[in-house]
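K.L.:
Quick one: sequence and predicted model below, then my questions.
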Amino acid sequence: MSAGHNNLAASDPDLNLDVPLAPLAEEFCCPICFSMVQDAMMTQCGHVFCSDCISECLSRKKQCPNCNQPQTKEKLVKNHHADRVVALLQREKELAAKKYFERLIAGGGDGGGGDGGIGDAHMHRAAPRGGGGDRRRTCDARVAHVRLVCNVLGHPRC
């Protein structure tokens, strides 16, 4: 498929595309602090870092931490596009987390078997002693997680 077809498919409002965030987010991970890039700065060689991270590195050694090409603070370029993409990724991540927790609270499925609701977790916890220990611990952890989310969201069901 040509690049033109990809652009058309991605911009078609009738398509409901679910794009996984993790692979995209990894591309905007600062290679110095391993967090999402904040206040993105780009070196002359094209590598992107957090502004604070690359400034600290360049104050110690005048070269790109990725490829060792000569680099100075004065030659860094602000990467506005990377900042916008990171903001978009963070917003989509927050929306996905909110939807996930709302499904858990409402008793909707999470793809892990059963209906994924709180009642399902309680049913697994009652598994016989002879087997299902790992499953019981997983469910106990999930119930605790759901209760924590309910407390944060102020949900009366929990």
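P.N.:
Okay, I see it. If you're wondering where the values come from, they're calculated on a predicted model, not measured in any experiment.
K.L.:
Could you give me the buried positions within the host helix or strand of Arg84?
P.N.:
Here Arg84 sits within helix 80-106, counting by DSSP states H and E. Using 16 or more other C-beta atoms under 10 Å as the test for burial, helix 80-106 gives Ala82, Asp83, Val85, Val86, Leu89, Phe101, Leu104, Ile105. Placement of C-beta: from N, CA and C, glycine included.
K.L.:
Provide a list of residues in contact with the first one.
P.N.:
Taking C-beta atoms under 8 Å, 6 or more residues apart in numbering as the definition of contact, the neighbours of Ala82 are Phe28, Val37, Ala40, Met42, Val48.
K.L.:
how close does Cys50 get to Phe101?
P.N.:
From Cys50 across to Phe101, the span is 29 Å (C-beta to C-beta, to the nearest Å).
K.L.:
pLDDT below threshold where in this structure?
P.N.:
Within the chain, the stretches with pLDDT under 70 are 1-15, 108-158.
K.L.:
which residue ranges form the strands in it?
P.N.:
Per DSSP state E, the chain carries strands over the ranges 40-42, 48-50, 77-78.
K.L.:
With respect to Arg60, which of the ones you listed lies nearest?
P.N.:
Arg60 lies closest, by C-beta to C-beta, to one member of those: strand 48-50, at 13.6 Å.
K.L.:
And the contacts of that closest one?
P.N.:
28, 30-33, 35, 37-43, 57, 65, 79, 82.
K.L.:
Contacts only, for Ser51.
P.N.:
Residues counted as contacts of Ser51 (C-beta under 8 Å, 6+ apart) are Gln38, Asp39, Ala40, Met41, Leu76.
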